[in-house]
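Colleague: could you work out the structure for the sequence below:
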Amino acid sequence: MANLSEGSAEPLLAQAMVLARQGRWDEALELAERAVQAAPDAPEPLLAKARLLRAAGRDRTAALRSLRRAIGCAQTPLRRVEALREYGLMLEPIGRHREAAAAFEEALALLEGQGAGAEIAAADRARREELADLAARAHERAGDLQRALVRHRQTERWYREVRLDMGSYYAREAELLERLGRYDELCSCYARLVEVDPDRVLFAQPAGRPTPATATRIKEFLHGINQVLAAMPGALVPRVLKAGLFYRLGRYRHAETLLRRALETGPEHFYAWHLLGKVLLKQGKRQRALRALERAAALGPDYLDLARDRAAALEMCGQLEEADAAYRHIETHWPGDAEMLRRAAQVRESLGRLEEAYESYRQLAVKLLPPEPDLLVRLAELAQRLGRPAEAQEHLDELLRLLGPQAHEQRARALVRRAAVQAEAGREAAALADLEAACAVAAELPAGVRRQLLLETASLLLEHLEQPERALAVADALLLDSPDDLEALALRGDALFKARRFEEAVACYTRAADRRLADALMEQGAQLFEQERFDKAIGKWNEAYHKNPQAWEIHYNAAAAYARLGRPAPAARYLEAAAQQNPGAVALMEKDPNFELVREADEMAAVRARWRAQRR
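Modeller: Numbering: from 1, shown residues only. Model (predicted):
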C-alpha cells in the first residue's frame with residue numbers, strides 16, 4: 001500500500017474490512033479511524049473510512065470530509081480518480097447531483113489524459129466507460145440532458161461487451177431522446193431496442209400515471225411522434241410506438257387501429273404482431289389475440305414477454321395442454337418468474353396433474369419467502385388430496401405462524417383446516433383443540449363468516465371425530481343466531497341421530513322439512529303475486545304459515561295482497577299479526593306502494609294508532 005510510512009495502517013485496514021463483513025460496524029470504523037491517525041497523509045485509510053461509513057449508513061458529512069481529504073492527499077492520478085468516484089457516489093443519494101457530475105467529469109478528465117501522464121492515458125478503458133455512465137446518470141438527474149446523452153453514448157461498448165445488456169443501453173437512450181424532443185432519433189433507437197431486447201420496449205415509454213407532469217410528457221410524446229408520422233407517412237416504427245403508448249393508457253381500440261395500419265406497411269414486423277396480440281387480449285378477443293401472437297412467435301426471436309402472453313392466450317382459449325407446454329418453456333428459459341409459476345400451477349391443477357401443480361406451488365412458495373397465506377392454504381389442500389397429511393400440517397403450521405394477531409378470519413379458517421388434517425391422521429385430541437380455538441376466534445367474526453366456520457366445525461365433529469354431543473352444541477349455537485337456518489337444523493338432526501336421540505332427531509328433521517316447504521310456498525306465492533293472482537298467492541302464504549309460523553313476512557305479504565284487492569279489513573288483520581312479530585312492519589307499510597288503495601282506510605288507521613300508542 002503506497003504512502004504508508006507508518007506500517008501499522010495496512011493491517012488495521014485489513015482487520016477493519018474483516019469486521020465489516022461480519023456486520024461489526026462500530027469496531028470496523030474505530031479501526032479505520034486508527035488507520036487514518038497512523039497515516040494522516042495517505043488517501044487509502046480515508047477512502048476506506050468513507051466506504052465503511054457509506055456501507056453502514058452512518059454520518060455522510062464525515063464520509064464526505066474524509067473523501068475531500070483523500071482527493072487532496074492523492075499523489076497519483078489513479079488514486080485521485082478513485083477518490084473522486086467515491087465522492088460522486090456519496091453525493092448522489094443526498095441529491096447533490098451537479099456536484100456529483102462535476103466529480104465524475106474531473107475523474108474522466110484525468111483518465112482521458114487531459115494534462116495527465118502516461119499512466120492515465122493507458123488506464124483501463126472499462127473504467128472510463130463506467131465513469132461515463134455514472135456521469136450520464138448524474139447529469140440526467142441534474143437536468144442537463146444534452147450532456148447526459150453525450151456521456152451515455154460513450155458507454156455503448158461497455159454495455160455491449162462488459163455489462164452484456166444493450167437493452168438497458170437503448171432504453172436509457174430512448175428516454176433521454178424523448179425528454180430532449182428528438183423524435184426522429186427516438187424512432188431509430190426504438191427500432192434497435194426491438195431488435196436487441198423486445199421485453200423492454202413498452203417500459204421505455206412514458207408510464208401514463210395520472211399526474212400533471214406525466215400528462216404533459218405524454219402529450220409531448222404524442223405530438224413528437226405525430227410530427228415524425230407527418231414527415232414520413234409510411235413509417236412503421238412511429239406508428240407502433242404510438243400504439244404502444246395507447247396500450248399503456250388503456251385506449252385499446254385506438255392502439256388496434258394503429259397496429260393494423262402499421263402491419264399493412266410491415267406485415268413481417270414481429271413486434272407489431274405481438275403488440276396487436278396484447279391489445280386483443282385486453283379486449284377479450286382471445287382467438288384473434290392467439291393468432292396474432294402465434295404470428296409474432298413465427299416471425300421474431302424467443303423472448304419472455306411474448307412467451308408469457310402466448311401462454312396466457314392459450315390458457316384463456318381453453319387450450320390447457322398447449323398452455324402447460326408454453327409455461328414449461330418459460331420455466332426452462334426464464335426460471336424464477338413468480339407469476340408464471342402461479343399460473344402454470346393453476347393450469348396443471350385444472351388438468352388434474354396434482355403432483356406437478358403441487359411442485360409448482362412449492363417452488364412459488366420458496367420464490368416468494370415469506371409465502372402468501374393463500375398459497376400455503378392451496379399447498380395444504382393439495383397435500384391432503386395427494387394423501388400427504390404430514391406435509392399439509394406443515395403448511396398450515398407455517399400459515400398460523402405467519403398470520404398476525406389481527407387476522408382473525410384467516411386464523412380461524414386455518415385452525416379448522418388443520419383440525420381436518422389432524423382428524424384424518426387420527427390425532428383426535430389435537431383436532432378437538434384446534435376446533436375449540438377456531439370457535440373462540442369465530443366469536444369475534446361477522447355473522448356470515450362465523451356461520452360458515454361453525455358449520456364446517458360441526459361437520460368435522462360429526463363425520464371425522466364422532467363427537468355428536470359437541471356437534472349438537474355447535475348447531476344449537478348456530479340456531480341461536482338464526483332459528484330458521486336450514487343447514488344448522490339438518491346438522492342438529494344428524495347430531496341427534498348419531499347420539500341415538502331418535503325422537504328429537506325426527507322432530508328436528510320434520511322442522512327442517514317444514515322450513516324448506518315453507519320457503520318454497522313463500523316463493524310460489526311471490527310469483528303468483530307478481531302475476532297479480534292475489535287470491536292464489538294468499539292461499540300459498542297461508543299454507544306456508546302452517547309450516548313456519550315464526551315468519552312475519554308471510555303475514556306482511558298476505559296483507560299486501562289483500563291491500564291490492566282493496567280489502568282493508570283482512571289487510572289490517574294480517575298487518576297487525578306481522579307487527580306482533582316485527583314492529584317495523586307498520587313503518588314498512590307506510591312506504592310500500594302495494595298498500596296505496598287501503599292506506600287511509602279506518603282499519604289501517606286503527607292499526608297505526610295502536611302501534612303508535614305502544615311505542616309511546
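
Colleague: now do the helix or strand containing Ala579, average pLDDT.
Modeller: Using DSSP states H and E, Ala579 sits in helix 568-581. Mean pLDDT, helix 568-581: 88.

Colleague: who does the helix or strand following that helix touch, helix- and strand-wise?
Modeller: Using DSSP H and E, the helix or strand that follows helix 568-581 towards the C-terminus is helix 584-591. Applying 3 or more CB pairs under 8 Å, 6 or more residues apart in numbering; DSSP states H and E, one finds that helix 584-591 contacts helix 552-564, helix 568-581, helix 602-615. No exception for glycine: its C-beta is placed from N, CA and C like everyone else's.

Colleague: can you give me the helices in the stretch 251-400 of the chain?
Modeller: 252-265, 270-282, 286-299, 304-316, 320-333, 338-350, 354-368, 373-385, 389-402 (DSSP state H, counting those that start in this stretch).

Colleague: so of the ones you listed, which one's packed in deepest?
Modeller: Ranked by mean neighbour count, those are led by helix 270-282 with a mean of 25 (mean count of other CB atoms under 10 Å).

Colleague: pLDDT below threshold where in the stretch 451-600 of the chain?
Modeller: Along the stretch 451-600 of the chain, no part satisfies pLDDT under 70.

Colleague: right, I mislabeled it, should have said the stretch 101-250 of the chain
Modeller: In the predicted model of the stretch 101-250 of the chain, residues 113-124, 203-214 satisfy pLDDT under 70.

Colleague: apply 80 and report the result again.
Modeller: Regions of the stretch 101-250 of the chain meeting the criterion pLDDT under 80 cover residues 111-126, 161, 163, 200-218, 234.

Colleague: sorry, back to before: want to throw the helices and strands packed on helix 584-591 into TSV with mean neighbour count and distance to Glu590?
Modeller: TSV is the format used below for these (neighbours: other CB atoms under 10 Å; distance: least, CB to CB, whole Å):
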stretch	mean neighbour count	distance to Glu590
helix 552-564	24	12
helix 568-581	21	11
helix 602-615	14	8
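
Colleague: could you dump those helices into CSV with distance to Leu376 added?
Modeller: Below are the helices and strands packed on helix 584-591 laid out as CSV (distance: least, CB to CB, whole Å):
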stretch, distance to Leu376
helix 552-564, 43
helix 568-581, 46
helix 602-615, 53
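
Colleague: of all these, which one is nearest Leu149?
Modeller: Among those, helix 552-564 comes nearest to Leu149, with 75.1 Å by CB to CB.

Colleague: what packs against the closest one?
Modeller: Helix 552-564 packs on helix 502-530, helix 534-547, helix 568-581, helix 584-591, going by 3+ CB pairs under 8 Å, 6+ apart.

Colleague: mind doing that once more with 7 Å?
Modeller: Here helix 552-564 touches helix 502-530, helix 534-547, helix 568-581, going by 3 or more CB pairs under 7 Å, 6 or more residues apart in numbering; DSSP states H and E.

Colleague: how far off centre is the helix holding Ala579?
Modeller: 54 Å (CA atoms, centre = their mean, to the nearest Å).

Colleague: list of residues touching that helix?
Modeller: For helix 568-581, the surrounding residues in contact (CB atoms under 7 Å, 6 or more residues apart in numbering) are 552, 555-556, 558-559, 562-563, 585-586, 589, 598, 601, 603-604, 606-607, 611.

Colleague: next one: stretch 25-37
Modeller: Outside stretch 25-37, the residues touching it (CB under 7 Å, 6+ apart) are 9, 12-13, 15-16, 19-20, 45-46, 48-49, 52-53, 56.

Colleague: list the contacts of the nearest residue to Asp41 once chain neighbours are set aside.
Modeller: Leaving aside its sequence neighbours, Asp41 sits nearest to Cys73 (CB to CB, 6 or more residues apart in numbering; 5.6 Å). Contact analysis of Cys73 by CB under 7 Å, 6+ apart lists Asp41, Ala42, Pro43, Leu46.

Colleague: one more time with 10 Å, if that's ok
Modeller: Residues near Cys73 by CB atoms under 10 Å, 6 or more residues apart in numbering: 3, 39-47, 79-80, 83.

Colleague: show me what the helix or strand that contains Ala230 packs onto, helices and strands only.
Modeller: For Ala230, the enclosing helix or strand under DSSP H and E is helix 212-231. Taking 3 or more CB pairs under 10 Å, 6 or more residues apart in numbering; DSSP states H and E as contact, the helices and strands that helix 212-231 lies on are helix 166-180, helix 183-196, helix 237-248.

Colleague: hmm, 6 Å instead?
Modeller: helix 183-196, helix 237-248 (3 or more CB pairs under 6 Å, 6 or more residues apart in numbering; DSSP states H and E).

Colleague: now the helices and strands packed on helix 552-564 in a markdown table, with distance to Glu356?
Modeller: What follows is those, written out as a markdown table (distance: least, CB to CB, whole Å):
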| stretch | distance to Glu356 |
| --- | --- |
| helix 502-530 | 43 |
| helix 534-547 | 52 |
| helix 568-581 | 57 |
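
Colleague: and among these, the most buried is which?
Modeller: Of all the helices and strands packed on helix 552-564, helix 568-581 carries the top mean neighbour count, a mean of 21, counting by mean count of other CB under 10 Å.
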